[in-house]
Each structure stands twice: as C-alpha cells, then as structure tokens.
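A.B. asks: Model the following, please.
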Amino acid sequence: MSEITFNRCHWVDLTKADYVQYHDEEWGEPVYDDKKMFEFVVLESAQAGLSWYTILKRRANYRAAFAQFDVEQVARFDQQKVESLMQDSGIIRNRAKINATISNAQAFIKIQQEFGSFSDYLWAYFNHQPMVNLPKCKSDYQATSDISDSISKDLKKRGFKFFGSTICYAHLQACGLINDHSADCFKSALKKVNTP
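C.D. replies: Model prediction:
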C-alpha cells in the first residue's frame, strides 16, 4: 500500500522534520492568545536579518531564557539579566535584540492596557477575519503589505524595535492573521476554513 503524501507550501524544507511540523501544525493557524502572540513577537524580532529556521531550532532555548514568554516578567528584566542572556549560547546573543525584547514587552503591555489585549489590537486591522491570499507559486509570496506597513509603523510609534514591515508581515503569517498557505498546500483555505 502506498504512503499518502501531502502537498505543502513551496518554502518548506522537507528534510527538516521540525520545520515540516511547524508548517503543518502552527504556521497560519489563527492565534488569539496574547501569550502565544508575545512568543512570536520575541521569536520574529530575534529573526531580523536571519533565517526563520535559525530561530525555530532555538525556540526551546528562547522559551527558557525569556521566562516561558511571560510578558510581565520579561518587561521587568534588568541589565543584570541582559548580561546573563549575553552569555546564553542557546539564543542569538545580540545585545540590541535582547534589549528590544524587553522594551517590546513593555510596549506590548501598554497595548494590552489600551485595547484589552494585544490580540484585539492586531485582529482589528483585519476586521477579526483572516486575510487569505492563496499564492500559487514562490514568486506570489510577498514580504510586506500595506497592512504590515501600517501596523509596524504604529508599533514603532508605540516603542517596538526590530519589528519593521517585513518582520511584522512574518508575524501576521505565523499568527494566522494572514493565511499564506499556497493554493495547492493541504493547509490551504480552499480545503480548510479556520474560524475562531
């Protein structure tokens, strides 16, 4: 009996089991939980200038280093903690990115206070419905959009760092606000519609 195979998005490296699992189980799934949103804020901002897989394979280390992605705890990290993180070989030891994670946590909390949750703040840009693009080939994928431009600009005004339009767009994809699974992918909205 032949094994069932699934078409996946063109960017997935099928030789990396953890990458395939991330694509199959997480990428593009709508996220409404602020803790999960903050996790992706930390990971995506750490990614700036690097490949996503570089960060993905260090995810457990980031979870341990950044208080299980507890935004309140991360917002209180001091310079002594920064120095400790600079010695942690399990994460990207970039002082500017580590400091940005702390200031992003502080800005994240202010948004929660203003909008009720970070999730509500982000989803309001999409009228609380995922945007579905259905790219057909690799060249159809985009790195930014008008919405990611607007959100990253607003987040910058609110104190976010290492979260330009490209990183913002990747965050929106990861958290399912933008569904960019390719039209022939088994996770495509043509075959599966996600609702809250």
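
A.B. asks: Which strands and helices lie in contact with the longest helix belonging to the chain?
C.D. replies: Under DSSP state H, the helix in the chain containing the largest number of residues is helix 95-115. Packed against helix 95-115, as judged by 3 or more Cβ pairs under 8 Å, 6 or more residues apart in numbering; DSSP states H and E, are the following elements: helix 34-47, helix 71-75, helix 79-85, helix 118-124. (Glycine included, C-beta is placed from N, CA and C.)

A.B. asks: Pipe these into TSV and attach mean pLDDT and distance to Phe186 per row.
C.D. replies: As requested, the helices and strands packed on helix 95-115 are arranged in TSV below (pLDDT from 0 to 100; distance: least, Cβ to Cβ, whole Å):
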stretch	mean pLDDT	distance to Phe186
helix 34-47	97	23
helix 71-75	98	33
helix 79-85	98	38
helix 118-124	98	25
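
A.B. asks: ok, back up a step: tell me which residues in the longest helix of the chain are buried?
C.D. replies: Judged by neighbour count (16 or more other Cβ atoms under 10 Å), helix 95-115 contains these buried residues: 97-109, 111-112.

A.B. asks: now stretch 28-46
C.D. replies: If you call a residue buried by 16+ other Cβ under 10 Å, then stretch 28-46 has these buried ones: 28, 30-31, 34, 36-46.
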